[in-house]
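Enquirer: A structural model of the following input is requested.
(one chain, ligands or ions: 1)
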Amino acid sequence: MSAFTVGVCQLGVVPDKQANINKARRMIGEAAGYGSRLIVLPEMFNCPYQSELFPQYAETYPVGPTIAMLAECAAKHKVVLVGGSIPEQDENGNVYNTSFIFDESGELIGRHRKIHLFDVTIKGGTVFQESRTLAAGSSITVVKTSLGTIGVAICYDVRFPELARAMALSGAQILIFPAAFGPVTGPAHWELLMRSRAVDNQVYVVAAAPALNAATEYKAYGHSLIIDPWSRVVAGVADEETVLTGKIDFRTINKVREELPVLKQRRVDLY
Ligand SMILES: NC(=O)CCC(=O)C(=O)O
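Expert: Numbers count the residues shown, from 1 in each chain. Coordinates of the predicted model:
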């Protein structure tokens, strides 16, 4: 399919896990009602973004109310669903920041475990240590869907351009980033990074953020975005809870790559 609508659920996360699941179900239904064939949720959408909380909100595939809701909604609405991310516990007790990806029949078609953990100390700003409770994933995620090929990475992963390039070279036409930037790096880098990955690789970028909830400790920046391969913002919002939609048209990828053939012109003999 060369053109279709993508929907992004910019959901405001609350401490009550079941309330987050219910809200996600409702927002996925709303996005499907707008004609979205691909729907994306934000990073850690069932759990406040706080390291110490991740283990207690974690689920082990295929068991768990969040995973069940995602599979059920994908099948009910016949959509490709990138289920943001949730804390996932494996059989050895390791917890990952994981995106589960479902097809239109509710089958799991991909799983991305965040590769680069968000361990930063910005003086006078954000201090975060995902590695206190999370383990890092160890593979790149590129998934063929009925709509096209998608690459999925999570939030801080966007800062590593080699990863986006590897996904694009593996055939990804859309790079999807469930994410949760905060009030310090959000205004400074969010749009810049997302648009850079789009222009570097001449692909669509979909960045799904949580809405701002002023009552939670981590203040999400919001500003979900859909960006085209020319780096134009197709659709964007501020920090409120809402469903964002935009058109993806793969013919734009071909047009941009024909006009500016930078991917073909790379000097792989030199770098
Ligand atoms: N959840 C995250 O990985 C946050 C990344 C972030 O805020 C950044 O600036 O990078």
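Enquirer: quick one: contacts for the residue of the stretch 1-150 of the chain at minimum distance from the ligand?
Expert: Proximity of the stretch 1-150 of the chain to the ligand (C-beta to the nearest ligand atom) peaks at residue 118, 3.5 Å away. (Glycine included, C-beta is placed from N, CA and C.) Residue 118 makes contact with 128, 130, 155, 156 under the criterion C-beta atoms under 8 Å, 6 or more residues apart in numbering.
Enquirer: mind checking the SS state of residue 189?
Expert: The three-state label for residue 189, taken from DSSP: H, G, I helix; E, B strand; the rest coil, comes out as helix.
Enquirer: residue 176 now?
Expert: Classified using three-state DSSP, residue 176 is strand.
Enquirer: what about it, distance to residue 251?
Expert: Separation of residue 176 from residue 251 (C-beta to C-beta, to the nearest Å): 20 Å.
Enquirer: comparing the two, which shows the higher neighbour count?
Expert: Using other C-beta atoms under 10 Å as the criterion, residue 176 and residue 251 rank with residue 176 on top: 28 against 9.
Enquirer: any idea of the pLDDT on the more buried one?
Expert: At residue 176, the model reports a pLDDT of 99.
Enquirer: just residue 102 next, same as before
Expert: 98.
Enquirer: then residue 1?
Expert: Residue 1 carries a pLDDT score of 75 in this model.
Enquirer: what of the one 4 residues further on?
Expert: As summarised for this prediction, residue 5 has a pLDDT of 98.
Enquirer: output the contacting helices and strands for the helix or strand in which it is found.
Expert: Element membership of residue 5 [criterion: DSSP states H and E] is strand 3-10. Other helices and strands packing on strand 3-10, by 3 or more C-beta pairs under 8 Å, 6 or more residues apart in numbering; DSSP states H and E, are helix 17-33, strand 36-40, strand 204-208, strand 242-249.
Enquirer: nearest approach to residue 148 belongs to which of these?
Expert: strand 242-249 (7.9 Å; C-beta to C-beta).
Enquirer: send the alpha carbons of that closest one over as CSV?
Expert: Only the C-alpha atoms of strand 242-249 are listed here, as CSV (Å, rounded to 0.1, in the frame of the first residue of the first chain):
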residue,chain,number,x,y,z
THR,A,242,-5.0,13.9,21.9
VAL,A,243,-4.9,11.7,18.8
LEU,A,244,-2.7,13.0,16.0
THR,A,245,-3.1,11.8,12.4
GLY,A,246,-1.2,12.3,9.2
LYS,A,247,-0.8,10.9,5.7
ILE,A,248,2.1,8.6,4.8
ASP,A,249,2.8,8.4,1.0
